[in-house]
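> For reference, the sequence and a predicted model appear below.
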Amino acid sequence: EDQVTQSPEALRLQEGESSSLNCSYTVSGLRGLFWYRQDPGKGPEFLFTLYSAGEEKEKERLKATLTKKESFLHITAPKPEDSATYLCAVGNMNYGGATNKLIFGTGTLLAVQP
Amino acid sequence: DAGITQSPRYKITETGRQVTLMCHQTWSHSYMFWYRQDLGHGLRLIYYSAAADITDKGEVPDGYVVSRSKTENFPLTLESATRSQTSVYFCASKGRGLEAFFGQGTRLTVV
């Protein structure tokens, strides 16, 4: 069964204190791993797509990496505006074909204190 | 502005009533999705559509109906609302890339 598990459930950081969020997954045929940011009362905002193990992508203070079993979202020198819930999702090439229906984790709630 | 919009943003309805949530996108994306988000479950797929007049069930379709007569619209109808359908509903669309783009959500409360 396809599964996505995110840890920790919640993380509190001081401004400037770097850390990483984890997304471990089991999927029969990976068709993309996706990171989203979700602010309270809003829809998920797309951040990154990773396609294969070894790939890395960066955006401002965020860097996403991918292995065959997990992905990390590294946050370098975070600021209070980075506070949000970060969601991880996978697409399964054997489930939905070109539709690419996504399987989501439950997210990590990040709070960055000034 | 181009994008994906949902309406209403908030809705309170009574058990047994029919309610329709609207979703409109201006990207001409082929694929559209409806998810619900509940504490402890994350986002779960209700229904999806690959094109106009093509729809299919997702993970939790019971109690919901969808239609897609036009590419840009994908309404979700709760035929007879139940308290277990109290949730936040998100519509999403996908073009040629793998990633989906989400609307702002509709918070539905069934009393």
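That came through fine.
> If we ignore the residues flanking it in sequence, what's nearest the spatially most central residue of chain B?
Chain B has residue B:34 as the residue nearest its centroid, 3.2 Å off, counting by Cα atoms, centre = their mean. Spatially, and ignoring its direct neighbours in sequence, residue B:34 is nearest to residue B:46 (4.4 Å; Cβ to Cβ, 6 or more residues apart in numbering or on different chains). To be clear about C-beta, it is placed using only N, CA and C from the backbone, and glycine gets the same treatment.
> before we move on, which element is that neighbour in?
Taking DSSP states H and E as the definition, one finds residue B:46 inside strand B:42-51.
> elements contacting that strand?
strand A:84-92, strand A:102-104, strand B:31-38, strand B:54-57, strand B:64-66 (3 or more Cβ pairs under 8 Å, 6 or more residues apart in numbering or on different chains; DSSP states H and E).
> With distance to residue A:14 added, can I get those in a markdown table?
Shown next, in a markdown table, are these (distance: least, Cβ to Cβ, whole Å):
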| stretch | distance to residue A:14 |
| --- | --- |
| strand A:84-92 | 17 |
| strand A:102-104 | 29 |
| strand B:31-38 | 29 |
| strand B:54-57 | 46 |
| strand B:64-66 | 44 |
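> and these as TSV, adding distance to residue B:18 and mean pLDDT?
Formatted as TSV, the helices and strands packed on strand B:42-51 follow (distance: least, Cβ to Cβ, whole Å; pLDDT from 0 to 100):
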stretch	distance to residue B:18	mean pLDDT
strand A:84-92	31	95
strand A:102-104	28	91
strand B:31-38	16	96
strand B:54-57	18	93
strand B:64-66	9	98
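> Out of these, the one nearest residue B:89 is which?
strand B:31-38 (5.4 Å; Cβ to Cβ).
> Fine, thanks again, bye for now.
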